[in-house]
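Colleague: here is my input, please return the structure:
(3 chains, ligands or ions: 2)
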Amino acid sequence: MSTQFVQAVWGGILFGSVYGLMALGLTLVWGAVRLLNLAHGAIFVVGSYVAFFVVSKLNLPILVALPIGVLAAAAFAYLMHLIFIRPVIGKPGFDNSTLIATVGISIAVSAAAILIFNPEYKVIPPIISGNFTLSDVQITKQGLLVIGTSLALFALVYLFLTYTRRGMAIRAVSQQQEAASLMAIPVVRTYGMVIAISGALAGLAGVLLSPFFFLNPNSGFNPMIQALIVTIFGGLGSVRGALVAGFVLGIFESFVEVYYGVAWAQPGVFLLIILMLIVRPNGLFGIGEVRRL
Amino acid sequence: MLEVKGLVAGYAGSEVLHGIDLEVNEGEGVIVLGPNGHGKSTLLRAVTGLLSPRAGQVLLDGKDITRWRPDAIAAAGLVHIPQGDLLFPEMTVTENLLMGAYHGPTWSERSARLGRVYELFPWLKERGGQLARTLSGGERRMLALGRGLMSKAKLLLIDEPSLGLAPLTTQQIYASIHKVKESGLSLLIADENANHVAGLADRVYLLETGSLVRQGPADELLRDKALLESYLG
Amino acid sequence: MSAQAAGAVGVSRPQLDQAAAPWRRPSIWAIGGGLAAGIVLPLLLVRIDIGTYLITLLILFFVQAVVAQSWNLIMGYGGIYSFAQVALFAVGGWTSGVLVHSLGWNPFLAILISPLVAVVAALGIGLPTLRLRGVYVVLLTLAFHELARVFAVTGPRFISGGGYGLVTVQTFQFGDAIGDQRTIYLYYLAGLIFAIATFVIWRVIHSPLGVAMTALRDSETYAVSRGINQFRVRLVLFAISAFFTGLAGGYSTHYNGGISTTIFDFPRIIDLLAMIVIGGWGTFGGPILGAGIVIGLNQYLVALGDYQTLILGLALAGIAVFAPQGLWPLIRRLYENYLAPEPLAPAVEVSPAAPRDTTEEL
Ligand SMILES: Nc1ncnc2c1ncn2[C@@H]1O[C@H](COP(=O)(O)OP(=O)(O)O)[C@@H](O)[C@H]1O
Ligand SMILES: [Mg+2]
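Modeller: Ligands and ions are numbered 1, 2, ... in the order given. Reported below is the predicted structural model:
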């Protein structure tokens, strides 16, 4: 196997699991709450900076910083829900209000990050360092960890939604909100839970990815856009779709990048998604309005 | 047990219910009869919190639950089986049933409750893995009923149990509701056909354009064909 | 969003046909007075100390208000969640910049091409996206913004200028006017663009097309049942919006003497969004009012540096959630209560809290 090929496959799987991880949180929130959370990237940044703070200012190991960062991201997302999402739930104009509110939160977060830290790039240490080579391609252990974590989280979320009381309630709320409330399921609290879970996923993605991409106040933006693309490609609200689409797009992007150059990667992905939306307007696994989580 | 006093409710631009007084006692089967579009669904929705009333009170065992959220009202024991079933389409039959037992204290008894629902509708057990959206109209209605029965309801509110069903299925549905009644559960049923509910009803209210115009014991009212004809056409 | 919400709002729809009637002709006096004031203002301002500074602020206001109004036309009225506005502005800016810089055109001629190229770009974005659901429009327009940025930074040298954009484009020259005199001419040109854009957008909102788009926004099913072609309405709006945005972009390039790639920075989008949201989303006067407020506030807040962005972001979120109608409806109400000579007919402006279908969503 040629080095190029191995490079493309490895990059694709790595990108794919990264995109999937971000998209998972986004698709959950869309599926259950019908919220297009444009602050998802900001939550990613919150988790990363908190972990960075714990590591570099408190001098604690990254393994301690990881859960703290994840919890902080979840708490931040939940706070956002309480202040900006909950007041408009069920009201007309929900789409407008939340779209603008999440954009506003995004820029507030990046401004806050500049103020508290500074605009410089930050480094978060990997959880496991080291690498080995395969056909002259460097495989980082952190990369393997990211792939493993992403797959494990998909499995975990799937099991949670399918077999637990609260997970099933999330699906119930997303499919028939009125009936769910008649079954004594607290709809708004369920929304809050989904948003917090999604926040935790974004935070985890942030802490795990920052060793690759560095960390700056806007470093959540690109992963979020990628996640949006993955989510739409896979079908909004579909967990399975996010997983498959993450890998499809990751591998596609990686191959374009390796064989045609980095400049073509992004335009290539956009072209692909536009074509896909023309052929299957609801994404790979979306069946339109009815199908949610 | 359930007391509704002077309930006024409606939608933007139109008032549908103009002051409803109604009560359901322990173990009673109460029927609200009224033609299509006269506010039966609106009444049940206002009682179970899906629609917030503009005036009036809803009391459950003397407690004012008027402004409670639907999930809290359901948890308190008023379980509403809505018009059109509103199943969870992408969940299996079993999952739909389990959601009926979502409320904390009920969840721990879910297996026993599943058993009781399967007794009433045995086919639910065989078809447990099927997605709700693939069921036929009659099956859906039974599943909706079964899902409601999974809860620890004090009072079951059923909105038009026979809506859109074939005569044979309609009979089956009412037969099962009968069994539910015999098990001692209180019922409040909204219907537009007096014949269906004859055996279920202890008391009957007649609803016309948002007001209850008559009430009385079922034996009396339901036997008065001339009266029913003039109301229900 | 939920059936509950739609239910609570009920079946009664605003009487859309009324909006087609010419019941809101602003008086000749108001318009004439406004124009006269606009013409005389700079002549008075140059006589005071900070006059020149104020005139440049007004120029900034004209340009931004045009973009904000154009954006509001599609987002607030049309319900198209497009984030391509800044990119379209950039398309206009680069078009005339390149025509002047690389081909030696006259700036006055070149800015006439800017809106046309912006319209072509808008059709390029609109044709594949405007049939899709709102959430796709968000993504694909954000993607367009990002692609445009990357292209402007890394594209061919006559466009990217080595990553900084166009830095030495010829500015507008009015004979040999210099200093304050030239600033006044620049002001008149910007004012003219503003006046034309405002007039056309006002006409569009009160035309059958505007009625169709309000109908579509508020109830897609209802509008479609009346034979309104959603896609075509959206595409036309998108083009009109791009036209004036591109024009503003072209003006801007020759006013500043260049166009920088920092135009794509997120805070630019936020500023514009804040104008619409603060002024009043989906109202005619909202973005104009909002442009004034945001530009005014920025003069004070700019000293705060990144706190400015922080405050703006939080304000945006707060207003969107707690006062989604913005300030314009408030002003209208004050006007109607205290100043209006006779009662005005109900506003065509339907707030974001207007009735919506359950089927219509992001
Ligand atoms: N979501 C709604 N919005 C506005 N009006 C409604 C809505 N639902 C029902 N109505 C009106 O309320 C009245 C009563 O309807 P409903 O309670 O459904 O009657 P019933 O259940 O007796 O057929 C009808 O006139 C109907 O048009
Ligand atoms: Mg009904």
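
Colleague: so which residues of chain B form helices?
Modeller: B:40-47, B:70-75, B:93-100, B:104-107, B:110-120, B:123-126, B:137-149, B:167-182, B:194-197, B:218-223, B:225-232 (DSSP state H).

Colleague: residues near whatever residue of chain A ends up closest to ligand 2, how many?
Modeller: Nearest residue of chain A to ligand 2, counting by CB to the ion: A:E178, 14.1 Å away. C-betas here are computed from N, CA, C, even on glycine. Number of residues near A:E178 (other CB atoms under 10 Å in any protein chain shown) recorded here: 20.

Colleague: show me what the helix-or-strand element of chain A with minimal mean pLDDT is packed against.
Modeller: Lowest by mean pLDDT, DSSP states H and E among the helices and strands of chain A is helix A:262-279, with a mean of 79. With contacts taken as 3 or more CB pairs under 8 Å, 6 or more residues apart in numbering or on different chains; DSSP states H and E, helix A:262-279 sits against helix A:221-234, helix A:239-260, helix C:107-129, helix C:134-154.

Colleague: and among these, the most buried is which?
Modeller: Ranked by mean neighbour count, the helices and strands packed on helix A:262-279 are led by helix A:221-234 with a mean of 26 (mean count of other CB atoms under 10 Å in any protein chain shown).

Colleague: report the angle between that one and helix A:239-260.
Modeller: Orientation check (axes from the mean of the first three to the mean of the last three CA atoms, to 10 degrees): helix A:221-234 against helix A:239-260 gives 120 degrees.

Colleague: do helix A:221-234 and chain C come into contact?
Modeller: Yes - interface with chain C: helix A:221-234 contributes A:F221, A:I225, A:L228, A:I229, A:I232 (CB under 8 Å from any CB of the partner chain).

Colleague: so what's the spatially most central residue of chain B bridging to?
Modeller: When CA atoms, centre = their mean is applied to chain B, the residue found nearest the centroid is B:I158 (1.4 Å). With DSSP bridges as the criterion, B:I158 is bridged to B:I81, B:I189.

Colleague: show me the shaky parts of chain B.
Modeller: Scanning chain B for pLDDT under 70 picks out B:233.

Colleague: C:A248 touches C:V63, doesn't it?
Modeller: Yes - C:A248 is in contact with C:V63 according to CB atoms under 8 Å; the separation is 5.0 Å.

Colleague: give me the more crowded residue out of those two.
Modeller: C:A248 (32 against 23).

Colleague: quick one, the least confident helix or strand of chain A and helix C:134-154 angle?
Modeller: 160 degrees.

Colleague: which non-adjacent residue is nearest residue 43?
Modeller: Here I'm looking at chain A. A:A202 (4.2 Å; CB to CB, 6 or more residues apart in numbering or on different chains).

Colleague: meant chain C, my bad for not saying
Modeller: Closest to C:L43 by CB to CB, 6+ apart is C:I184, at 7.2 Å.

Colleague: what sits against that neighbour?
Modeller: Neighbouring residues of C:I184 by CB atoms under 8 Å, 6 or more residues apart in numbering or on different chains: C:P42, C:L43, C:V46, C:I55.

Colleague: ok, the first one touching C:L189?
Modeller: No - counting by CB under 8 Å, C:P42 stays clear of C:L189, with 11.6 Å between them.

Colleague: returning to that earlier point: filter the contacts of C:I184 down to the buried ones.
Modeller: C:P42, C:V46, C:I55 (16 or more other CB atoms under 10 Å in any protein chain shown).

Colleague: need the pLDDT of the last one.
Modeller: Spelled out, it's C:I55. Listed pLDDT for C:I55 reads 89.

Colleague: wasn't it part of a strand?
Modeller: No - looking at C:I55 with DSSP: H, G, I helix; E, B strand; the rest coil, it is helix, so not inside a strand.

Colleague: that one and ligand 2, how far apart?
Modeller: Per CB to the ion, to the nearest Å, C:I55 is found 65 Å from ligand 2.

Colleague: residues near the nearest residue to B:A76 once chain neighbours are set aside, how many?
Modeller: Nearest non-adjacent residue to B:A76, counting by CB to CB, 6+ apart: B:L60, 5.8 Å away. Using other CB under 10 Å, B:L60 has 20 other residues around it.

Colleague: got a list of what B:L60 touches?
Modeller: With CB under 8 Å, 6+ apart, B:L60 has these contacts: B:M1, B:L2, B:E3, B:I73, B:A76, B:G77, B:L78, B:K154.

Colleague: pLDDT weak spots in chain A?
Modeller: A:1, A:286-293.

Colleague: residue ranges of the strands in it, please?
Modeller: Residue ranges of the strands in chain A, as given by DSSP state E, are A:131-134, A:137-140.
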